[in-house]
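>>> How does the following fold in three dimensions:
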Amino acid sequence: MYFNFFHLMPYTDFPEQPTEWPVANKLFDPKRGKQFYDEYLDIMAFADDCNFGGVGCNEHHFSPYGLMANCNLIGAALVNRTKKARLAMFGNLVPLLNPVRVAEEYAMLDCMSGGRLLAGLLRGVPHEYIAYNIPPGESRPRLKEAVQLILKCWTEPEPFGWEGEFYQFPAISIWPRPYQKPHPPMLLSASNEESALLAGELGTRIGIIISNLDNAKRCLDVYRKEMAARGREVTPEHIMAHQFGFIAETDEEAEATLKSGQEYFGRVLMRPLREAQRMVIQQTRYFNDPKSAQGLASRPTAATLAERNIKETVAAGGLLCGSPESVVRQVKRVHEVLGHGSTTLTLKVGNIPDVKVRRAMELFRDRVEPEIRAL
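Next up, the predicted model:
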């Protein structure tokens, strides 16, 4: 068992509660932005010293929720700041991008890091499709074709052409090729049953954002069944859990700190995303199947976690929060249900001060990681 340290790079000095999406960028202070990037990159590099097995980056657009419009830039900045940790890109929203460009940039990161890339190929959330003017209803077939194209870019030694439904290229031969053979491990989200089915069909690893253990187990069962139907074995390294949380000297301190961060996360960072989600649901023409809009409206989100009672969410498996000893017990409980080989943990929730995040990382290194590495 190993942990990835995941960072959203939030803008934590937003002067007011946002009321719309996209959020007006006149409220972004570039000088403060540079300070955020400096501090966040230092913290992410510090994860390598704290025995995190990977450092996670992702992609979001048009709001203070995250300052990582291109996670590959952050991954490149971390190549020489880390020595052991995987560059866990969770990741590129490939249906919105040029898959060949993604294949090239990931291959660069893999070579530059000496084979430390974990390649997340994600679908993203619907409002990102509005930002890039692509119908969300095309997201799954676009993702499927993009993953297949990227895999061929990495493994085909001769130039080839591609004539697909969404992507057409007369001749492709990427330079560089990936460092890892036959290619870097590929990871897709499986936080709902449809996504789990696609990941099983494509034979990739999976990441599950845990809102509760029952839902995670259902998704994992779908994935296992699809993998088995195609003659593929599922090992612990195929399964990654993703949880928010916090670690402090005592349960009370951890819960108080996380509650404070959740308040900013829900009130400021998630507010414009909820507005965007409502826009998508209202514009059902974006969906191939009207049921998709209903599913989006009822699906658990990070906002759900922010609004729940911490103890209830810990009990449901959606958070890791408490003293090191409590967190170890929580990790072992989730592992008993899922049998996963890695966990991605977000400690910078909302505006939790960076000094507290660093202390939580030290507690993980000294009192959590030694107890769970053998799982």
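>>> Just checking the distance from stretch 258-272 to the centre of its chain.
18 Å (C-alpha atoms, centre = their mean, to the nearest Å).
>>> which of the residues in that stretch are buried?
258-262, 264-266, 268-272 (16 or more other C-beta atoms under 10 Å). For glycine as for every other residue, the C-beta is placed from the backbone atoms N, C-alpha and C.
>>> Of these, which is the nearest to Pro178?
Pro178 lies nearest to Leu269 out of the buried residues of stretch 258-272, by C-beta to C-beta, at 34.0 Å.
>>> pLDDT score for the closest residue to that closest one other than its chain neighbours?
Nearest non-adjacent residue to Leu269, counting by C-beta to C-beta, 6 or more residues apart in numbering: Tyr65, 4.8 Å away. For Tyr65, the pLDDT comes out at 93.
>>> Same check on Asn4?
pLDDT recorded at Asn4 is 98.
>>> So in the chain, which helix runs the longest?
With secondary structure taken from DSSP state H, the chain has its longest helix at helix 30-49.
>>> which outside residues touch that helix?
5, 7, 9, 11-13, 55, 57, 67, 74, 77-78, 81-85, 348, 354, 357-358, 361, 365 (C-beta atoms under 8 Å, 6 or more residues apart in numbering).
>>> Following element in sequence after it, please.
strand 54-57 (DSSP states H and E).
>>> Can you give the contact residues for the helix or strand just after that following strand?
Downstream of strand 54-57, the next assigned helix or strand under DSSP H and E is helix 71-79. Contacts to helix 71-79, defined as C-beta under 8 Å, 6+ apart, come from residues 9, 41, 44-45, 55, 57-59, 68, 87, 89-92, 105-106, 108-109, 112-113, 117.
>>> For Leu319, name its beta-bridge partners.
Taking DSSP bridges as the rule, Leu319 bridges to Phe244.
>>> what's the distance between it and Phe3?
15 Å (C-beta to C-beta, to the nearest Å).
>>> Specify which residue of these two has the higher count of neighbours.
For Leu319 and Phe3, the more surrounded residue by other C-beta atoms under 10 Å is Leu319, and the numbers stand at 28 against 25.
>>> mind listing the helices in the stretch 251-375 of the chain by residue range?
Here the stretch 251-375 of the chain has its helices, by DSSP state H, counting those that start in this stretch, at 251-264, 271-282, 290-298, 302-307, 310-316, 324-338, 354-363, 369-372.
>>> will you turn these into TSV that also has distance to Pro157 and mean pLDDT?
What follows is the helices of the stretch 251-375 of the chain, written out as TSV (distance: least, C-beta to C-beta, whole Å; pLDDT from 0 to 100):
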stretch	distance to Pro157	mean pLDDT
helix 251-264	48	97
helix 271-282	41	76
helix 290-298	39	47
helix 302-307	41	48
helix 310-316	48	95
helix 324-338	37	98
helix 354-363	42	98
helix 369-372	40	97
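>>> sec struct for the closest residue to Tyr106 other than its chain neighbours, please.
Computed as C-beta to C-beta, 6+ apart, the closest residue to Tyr106 that is not its neighbour in sequence is Ala119, at 5.1 Å. Using DSSP: H, G, I helix; E, B strand; the rest coil, the structure places Ala119 in strand.
>>> Now for Ala119: which residues touch it?
Ala119 neighbours (C-beta under 8 Å, 6+ apart): Met89, Gly91, Tyr106, Asp110, Pro184, Pro185, Met186, Leu187.
>>> want to try a markdown table for these, with pLDDT as columns?
Output for the contacts of Ala119, formatted as a markdown table (pLDDT from 0 to 100):
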| residue | pLDDT |
| --- | --- |
| Met89 | 97 |
| Gly91 | 88 |
| Tyr106 | 98 |
| Asp110 | 98 |
| Pro184 | 98 |
| Pro185 | 98 |
| Met186 | 98 |
| Leu187 | 98 |
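>>> from those residues, which is closest to His242?
Nearest to His242, judged by C-beta to C-beta, of these is Leu187 at 10.6 Å.
>>> and that closest one, that's in a helix?
No: counting by three-state DSSP, Leu187 is not found in a helix; it is strand.
>>> burial of it, as a residue count?
When neighbours are counted by other C-beta under 10 Å, Leu187 registers 24.
>>> how near is it to Phe90?
7 Å.
>>> hey, what's in contact with both of the two?
Counting by C-beta under 8 Å, 6+ apart, the residues touching both Leu187 and Phe90 are Leu118, Gly120, Gly207.
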